[in-house]
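[1] Here is the input, now give the coordinates:
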Amino acid sequence: MAPDSGPFPDGQLLKLLPVDPRDRDTQRCRLGPAAFRSLGARLGSPLRISLPAGGCCLCTAWPRRDRVDGFVQLDPQCASPGARVATGRIGMDCLQPVPCPPLRRLEVWPVLRPQAGAPSSAAVLEVVHELLRNRPVSRGHVVTTPPGVPGPVAALHVMGGTPDPEPGGWVTPHTRITLSDKPPPQVEPPGEVTLGGLSETADSLRELLRLPLRYPLALAALGLAVPRGVLLAGPPGVGKTQLVRAVARETGAELLAVSAPALQGSRPGETEENVRRIFQRAQELASRGPSLLFLDEVDALCPRRGGPHRAPESRVVAQVLTLLDGIHRDREFVVVGATNRPDELDPALRRPGRFDREVVIGTPTLKQREAILQVITSKMPISSHIDLGLLAEMTVGYVGADLTALCREAAMCALLKNEKYGRWEEVM
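    Residues are numbered from 1 along each chain as shown. Alright, predicted model coming up:
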């Protein structure tokens, strides 16, 4: 498929949106028809994209599914070290088609996962071939392993090849891949947002947050209100706050996190004033890009109304409801509330149109507890005799905070034993 040639409107910028979940880990870049025409790109053409937050990435051009112009979505799986996709706007001059001849030889430096041990070169090369198969790469860039994919490799630094993969080169089934014996300068594995035991909940929350950013025109055409409120409910210590911070970082949204009890004022009307100020600040952030307002312990701010002595609380609840109803035109502003006691919230807050969705995070299951323990102990020198699966079976009812405290106490015991006997003991 080759789009018709034609100019892109002068001076128009492309709005950078989060990657479509279906394109995650595919190295694809989604563009509208006008951008395709301006670039003279074909389906799958390699593009070098300069990112507004610094760095660049190498992607393949694909049309947007809704064929809407003015937007760009990209998966930065192959990017320069330290590159980060942040929301914003980029000009067409930041998108450059690059030649990518087939590579006869490619040299890479693998970054191994901490728990990988010392895998054989054959095992590493097998993962490398699978990761780079039929993909464009660029010298000096880093190719990250998708989260959840098993194997010893966390990332790959592209060192060079024949012909030189600068600005780009294509890895084919006939490309001979070798491991470099010299590491690149300042090798640092890319930071991964690891949510042990919360991956399914994180996927659900990501979808809710990305929906108004990916399909604003489609939602408007269908006459649907954009979801603007999400309520997280679960016992203390399950990771609600950590989940929101991680998803906001992944989606590139500006996060304004507030503890609801901190908004309580001492004089009449002060609490309502503080709430208005916080919402105003969040809307100011939304004018520059996607914004997420996180209200922790929202039940302290909006308790169930009723009774002759609860007039101050009723006024605060009414103020919050008014502010929630007043953000329907702001499509890049999402409010997330977290509570340990959802039944204590005022019912009006939980109706559709305010907190549209409720995500319940329960006590971790056996599989989730094992995943949490793997994350906590990934950087700890634990004994080879420790069976995390057995430990997960012994900790029924523990949440993430409890497991963290358990591992911390084990580390303290090892530290005290080291001080007593003059040697270092493995944790647990």
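[2] Next one: the spatially closest residue to G397 that is not a sequence neighbour relative to L323, how far apart?
    Nearest residue to G397, sequence neighbours excluded (CB to CB, 6 or more residues apart in numbering): T363, at 6.2 Å. No exception for glycine: its C-beta is placed from N, CA and C like everyone else's. Per CB to CB, to the nearest Å, T363 is found 33 Å from L323.
[3] So which of the two has more stuff around it?
    When T363 and L323 are compared for neighbours, L323 comes out ahead with 20 against 15, by other CB atoms under 10 Å.
[4] in which helix or strand would I find that one?
    Taking DSSP states H and E as the definition, L323 sits inside helix 311-325.
[5] buried sites along the helix or strand following that helix?
    Using DSSP H and E, the helix or strand that follows helix 311-325 towards the C-terminus is strand 333-339. Of all the residues in strand 333-339, those buried under the rule 16 or more other CB atoms under 10 Å are F333, V334, V335, V336, G337, A338, T339.
[6] quick one: pLDDT of the residue nearest the centre of the chain?
    Note on the chain: the residue nearest the mean C-alpha position is E250, at 2.2 Å, using CA atoms, centre = their mean. On the pLDDT scale, E250 is placed at 70.
[7] Flag the shaky bits of the stretch 151-300 of the chain, pLDDT-wise.
    The model of the stretch 151-300 of the chain has pLDDT under 70 over residues 185-201, 204, 208-220, 222-227, 251.
[8] where do the strands sit along it?
    Assigned by DSSP state E, counting those that start in this stretch, the strands in the stretch 151-300 of the chain fall at 153-162, 169-170, 176-179, 229-233, 254-259, 291-296.
[9] export these to JSON lines and tack on distance to L47?
    As requested, these are exported to JSON lines (distance: least, CB to CB, whole Å):
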{"stretch": "strand 153-162", "distance to L47": "17"}
{"stretch": "strand 169-170", "distance to L47": "13"}
{"stretch": "strand 176-179", "distance to L47": "23"}
{"stretch": "strand 229-233", "distance to L47": "34"}
{"stretch": "strand 254-259", "distance to L47": "27"}
{"stretch": "strand 291-296", "distance to L47": "29"}
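[10] so which of the ones you listed gets nearest A414?
    strand 153-162 (26.6 Å; CB to CB).
[11] hey, C-alpha coordinates of the closest one in PDB?
    Extracted in PDB, the C-alpha atoms of strand 153-162 (Å, rounded to 0.1, in the frame of the first residue of the first chain):
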ATOM      1  CA  VAL A 153      18.200 -11.000  28.100                       C
ATOM      2  CA  ALA A 154      16.800  -7.700  29.400                       C
ATOM      3  CA  ALA A 155      18.100  -5.500  26.500                       C
ATOM      4  CA  LEU A 156      20.500  -5.400  23.500                       C
ATOM      5  CA  HIS A 157      23.000  -2.700  22.600                       C
ATOM      6  CA  VAL A 158      23.500  -2.600  18.800                       C
ATOM      7  CA  MET A 159      27.300  -2.200  18.400                       C
ATOM      8  CA  GLY A 160      27.800  -2.400  14.700                       C
ATOM      9  CA  GLY A 161      27.500  -4.600  11.600                       C
ATOM     10  CA  THR A 162      28.000  -5.100   7.900                       C
END
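[12] Name every strand pairing with it and say which way it goes.
    Paired with strand 153-162 in the same sheet, following DSSP bridges, are strand 105-112 (antiparallel), strand 142-144 (antiparallel).
[13] can you tell me which of those comes nearest to P136?
    Among these, strand 142-144 comes nearest to P136, with 10.2 Å by CB to CB.
[14] Quick one: the helices in the stretch 51-200 of the chain, in order.
    With helices called from DSSP state H, counting those that start in this stretch, the stretch 51-200 of the chain shows them at 121-132, 199-214.
[15] average pLDDT for the helix or strand hosting L406?
    Taking DSSP H and E as the definition, L406 sits inside helix 400-421. Mean per-residue pLDDT for helix 400-421: 79.
[16] Spell out which residues make up each domain of this structure.
    Structural domains assigned to the chain are 14-97, 105-179, 199-360, 366-421, following automatic domain parsing.
[17] distance between the ends of the first one?
    This points to domain 14-97. Length of domain 14-97, first residue to last, CA to CA, to the nearest Å: 16 Å.
[18] how distant is it from the center of its chain?
    Put simply, domain 14-97 sits 17 Å off its chain's centre (CA atoms, centre = their mean, to the nearest Å).
[19] List the contacts of Q27.
    L58, C59, T60, D75, Q77, C78, R135, P136 (CB atoms under 8 Å, 6 or more residues apart in numbering).
[20] Quickly note the distance from the closest residue to it other than its chain neighbours to F294.
    Leaving aside its chain neighbours, Q27 sits nearest to Q77 (4.7 Å; criterion: CB to CB, 6+ apart). Separation of Q77 from F294 (CB to CB): 28 Å.
[21] for G326, same thing?
    Relative to F294, and taking CB to CB, G326 is found at 19 Å.
[22] which one of those two has more residues nearby?
    F294 (24 against 11).
[23] Pull the number of nearby residues for G40.
    Residues within reach of G40, counting by other CB under 10 Å, total 12.
[24] That one contacts P97, doesn't it?
    Yes. The pair G40 / P97 is scored as a contact, 6.9 Å apart, by CB atoms under 8 Å.
[25] Now do the same for the residue nearest to G397: helix, strand or coil?
    Under DSSP: H, G, I helix; E, B strand; the rest coil, T363 falls in the coil class.
[26] Distance check, it against K240.
    13 Å.
[27] Then S138?
    Counting by CB to CB, the gap from S138 to K240 is 39 Å.
[28] Who has more neighbours out of the two?
    Legend: neighbour count by other CB under 10 Å for S138 and K240, higher for K240 (26 against 23).
[29] quick one on the thing from earlier: for the helix holding L323, buried residues please.
    Within helix 311-325, judged by 16+ other CB under 10 Å, the buried ones are E313, V316, V317, Q319, V320, L321, L323, L324.
[30] quick one: contacts of that helix?
    So helix 311-325 is contacted by 228-229, 268, 271-272, 275-276, 279, 301-303, 305, 335, 346, 348-349, 353-355 (CB under 8 Å, 6+ apart).
[31] ditto for stretch 51-59
    Stretch 51-59 is contacted from outside by 16, 27-29, 46-50, 74-86, 88-90, 94, 98, 136-138, 141, 167-168, using CB under 8 Å, 6+ apart.
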